[in-house]
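Chemist: Compute the structure for the input listed below.
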Amino acid sequence: MVVTTPNPIHGTSAPDASWSTVNLSEAVPGPVSPLGWSVWSPAGELGARAPFYAMGAIPKAMTAPPSRPEDHVLNVFFGRVALRVDFMCEMGDLVPGTSGEALGNQVFGFVPDSFVSRPSKRRYPVIAVKFPPAFLRVPSLIRRARAETEPWWATEVARTPKLDLADARAQLQAGIDRFTHNLSLQATAIACAIQVVYDQLSLLAAKAGVDHAALMSGHGSHEETAVIDDLWEVSRDRQALEQFVARHGYHGPFEGELSGVSWREDPSPLRKIVDGYRSMDESASPAAVEAGRAAARREAEAQLLAALPRAGQAQARLVLKLAGRYLPLRGVGKVAFLQSLDVARAASRRIGALLAADGVIAEPDDVFYLTAPEVLGAPPASSRDLVAERRAIRESYRKLRLPTTWTGDPSYEVIEDAPASGAAASPGAAGLTGVGVSAGVVEGPARVVTDPALAEMDPGDVLVAHTTDPSWASLMFMASALVVDIGGQLSHAAVVARELGIPCVMNTVDGTRVLHDGDRLRVDGGAGTVEVVERGL
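Modeler: Residues are numbered from 1 along each chain as shown. Modelled structure (predicted):
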């Protein structure tokens, strides 16, 4: 396709820049819309830099977006959002207790060949002053953002249908501003606190020979499992579906993409899930699962302390206490930025409806093919032609498969003729290997899901997905195990799997391509293996 105007969802890379989609694809599923990317781009750029300023590793001037696009930390390629790996490795060389190589391997699973390590202690005095208060402030800042954002979200989406164009634009800008703030806060919480506690807990578990996954779960209700708790209540007729949507309606399939349809807008996918829950025995309730995980955590903590010398027990008790305080915060901050994004979504759809009524665009959802400056200001004179061109570009990108990591500009594979699930790729494969993030061995039928809104899950299925976000948690509760193409120990699916006490293997790369609905799988969440016991029909 010949692009006659600037393409807002495809950038270019410096030849030596290395990129990864692994850490962002669960938050920003691609291909992104032009409006979605124009909201995420400045917010994500700040979010990638803010944690290192908060801990003192970089000066404030480095938090500003660079003037040259090739220097950005966040970029988009064929509609897929990617994070710059070499920048993160450079940050690792500035932080005490880690290195560029260690950070690259831990977060992305590799270190770019072009990366030259240059460790420096010049910021250590600043870090010594800034990091401790940044660490201590995280819980109060995250919980405050969550507490302030929820009533604001409920109020704003309720008034959106009555807004005129000027007020809808003002609401969109307010949503973008709050999203930017809350996303930056979430990134800072993860880098300055949650990741730190996770690392210390993992080191202790390894030293004592205890399953670290058991230590990380069972700390009480998480945001990731609150959805499951309430949906279970709906399935038992103890809560109305409308009440559930009023609380959790900002979730929905592909909720990180601005053009995604939230449950607030269309609750129909929930009805199939509720039917699945109704078929489950009361003994499988979320409360029973949570009680079991809490008991397993207490047992693992006792084993950990018993395996350590007396001198090390005091430190271990502190780390365990911090784990209970900090690890559940990962979902708290995510709710705040998702609610902010949903306000921006509501305002965008209202603007789209008004522009379509005025004939500026053909359909309300065409608004997502404009950028934020074009929506907040006067739309281009040729908006209809521009929308048609950008829509065609985005649709063409859906037929491309990119690698998860690369250097320079990415290569791609055209998958136009490939089946939607299962496989043209390695149909006779005996199994897959990934990262085990939640221990246990389960055997069950595969259910390959590419769109949670269309999923036909049965209790006991092994859920196979490319990536997940919080809206998937309701499906995960019916699964006996999880198999996910990309992600690691702190990815959404891993966190939920540990809370549910089911095996989970992340980073299988090709699970959604080589596995079919009905394949009988044996999933080992400790070893990180997925065996095809028998191919489905």
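
Chemist: Could you chop this structure up by domain?
Modeler: Domains of the chain are assigned by automatic domain parsing as 212-331, 431-534.

Chemist: Quick one: distance of the last one to the chain centre.
Modeler: Read it as domain 431-534. In terms of CA atoms, centre = their mean, to the nearest Å, the centre of domain 431-534 is set 16 Å apart from its chain centre.

Chemist: for the record, mean pLDDT for that domain?
Modeler: Over the span of domain 431-534, the pLDDT mean works out to 91.

Chemist: Could you do stretch 135-155 as well?
Modeler: The model assigns stretch 135-155 a mean pLDDT of 97.

Chemist: same check, this time on stretch 404-412
Modeler: The average pLDDT for stretch 404-412 rounds to 93.

Chemist: which parts of it are buried?
Modeler: Of the residues in stretch 404-412, those buried under the neighbour-count criterion (16 or more other CB atoms under 10 Å) are T404, T405, W406, T407, D409, P410, Y412. From N, CA and C alone the C-beta is placed, and that goes for glycine too.

Chemist: before we move on, what about stretch 345-361?
Modeler: Of the residues in stretch 345-361, those buried by neighbour count under the rule 16+ other CB under 10 Å are 345-356, 360-361.

Chemist: Against R298, how distant is the residue lying farthest from the centre of the chain?
Modeler: With distances taken as CA atoms, centre = their mean, the residue sitting farthest from the centre of the chain turns out to be R310, at 39.3 Å. Look at R310 and R298: by CB to CB, to the nearest Å, they are 20 Å apart.

Chemist: Equivalent analysis for W153, please.
Modeler: 36 Å.

Chemist: who's more crowded, those two?
Modeler: Ranked by neighbour count (other CB atoms under 10 Å), W153 and R298 place W153 first, with 24 against 12.

Chemist: Secondary structure element for that one, which one?
Modeler: helix 124-159 (DSSP states H and E).

Chemist: can you pull the buried residues of that helix?
Modeler: Buried residues in helix 124-159, counting neighbours by 16+ other CB under 10 Å, are found at 127, 130-131, 134-135, 138-139, 141-142, 145-146, 149, 152-154, 156-157.

Chemist: same thing with stretch 294-304?
Modeler: A296, R297, A300, E301, Q303, L304.

Chemist: Tally up the residues packed near the residue nearest to V441 when sequence neighbours are not counted, please.
Modeler: Spatial nearest neighbour of V441, chain neighbours left out: D524 (5.0 Å); criterion: CB to CB, 6 or more residues apart in numbering. Neighbours of D524 under the rule other CB under 10 Å: 18.

Chemist: so what's D524 bridging to?
Modeler: Beta-bridge pairing of D524 under DSSP bridges involves V441, T529.

Chemist: how much space is there between it and D365?
Modeler: Relative to D365, D524 is positioned 43 Å away (CB to CB).

Chemist: likewise R49?
Modeler: According to CB to CB, R49 and D365 sit 32 Å apart.

Chemist: Could you do D510 as well?
Modeler: If you measure D510 against D365 using CB to CB, the figure is 32 Å.

Chemist: Between those two, point out the one with more neighbours.
Modeler: Shown here are D510 and D365; by other CB under 10 Å, D365 has more neighbours (18 against 15).

Chemist: element containing the nearest residue to that one once chain neighbours are set aside, please.
Modeler: Residue nearest to D365 in three dimensions, not counting chain neighbours: G352, with 6.1 Å by CB to CB, 6+ apart. Using DSSP H and E, the element containing G352 is helix 329-357.

Chemist: Which strands or helices does that helix pack on?
Modeler: Where contact means 3 or more CB pairs under 8 Å, 6 or more residues apart in numbering; DSSP states H and E, helix 329-357 is packed against helix 34-54, helix 124-159, helix 165-189, helix 223-235.

Chemist: rank the ones you listed by pLDDT, which is bottom?
Modeler: helix 223-235 (a mean of 92).

Chemist: buried sites along that helix?
Modeler: 223-235.

Chemist: got the angle for that helix vs helix 329-357?
Modeler: For helix 223-235 against helix 329-357, the angle by axes from the mean of the first three to the mean of the last three CA atoms, to 10 degrees is 70 degrees.

Chemist: Mind giving me the packing neighbours of helix 223-235?
Modeler: helix 241-248, helix 268-278, helix 286-307, helix 329-357, helix 473-476, helix 492-500.

Chemist: Show the subsequent helix or strand relative to the fourth one.
Modeler: If I follow you right, that is helix 329-357. Counting by DSSP H and E, what follows helix 329-357 is helix 372-376.

Chemist: Over to the shortest one?
Modeler: Using DSSP H and E, the helix or strand that directly follows helix 473-476 along the chain is strand 481-484.

Chemist: so what does that next one touch, helix or strand wise?
Modeler: Under the contact criterion of 3+ CB pairs under 8 Å, 6+ apart, strand 481-484 touches strand 441-449, strand 462-465, helix 492-500, strand 504-506, strand 520-524.

Chemist: sorry, back to before: so for the helix holding G352, mean pLDDT?
Modeler: Mean pLDDT, helix 329-357: 96.

Chemist: what angle separates that helix from helix 124-159?
Modeler: Going by the same axes, to 10 degrees, helix 329-357 makes 50 degrees with helix 124-159.

Chemist: now the angle from helix 329-357 to helix 165-189?
Modeler: Going by the same axes, to 10 degrees, helix 329-357 makes 160 degrees with helix 165-189.

Chemist: Quick check: buried residues in stretch 307-318?
Modeler: For stretch 307-318, by 16+ other CB under 10 Å, it's A307, L308, A316.

Chemist: For those, could you give me CSV that also reports distance to G92 and pLDDT?
Modeler: Formatted as CSV, these follow (distance: CB to CB, whole Å; pLDDT from 0 to 100):
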residue, distance to G92, pLDDT
A307, 30, 93
L308, 28, 92
A316, 26, 94
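
Chemist: now, which of these sits nearest P29?
Modeler: For these, the residue nearest P29 by CB to CB is A316; the value is 38.9 Å.

Chemist: Compute the distance between the closest one and C192, please.
Modeler: Counting by CB to CB - A316 and C192 are separated by 22 Å.

Chemist: what does H248 give?
Modeler: From H248 to C192 the distance is 28 Å (CB to CB).

Chemist: same question, P31
Modeler: Distance from P31 to C192, by CB to CB: 32 Å.

Chemist: And Y369, by the same measure?
Modeler: Counting by CB to CB - Y369 and C192 are separated by 37 Å.
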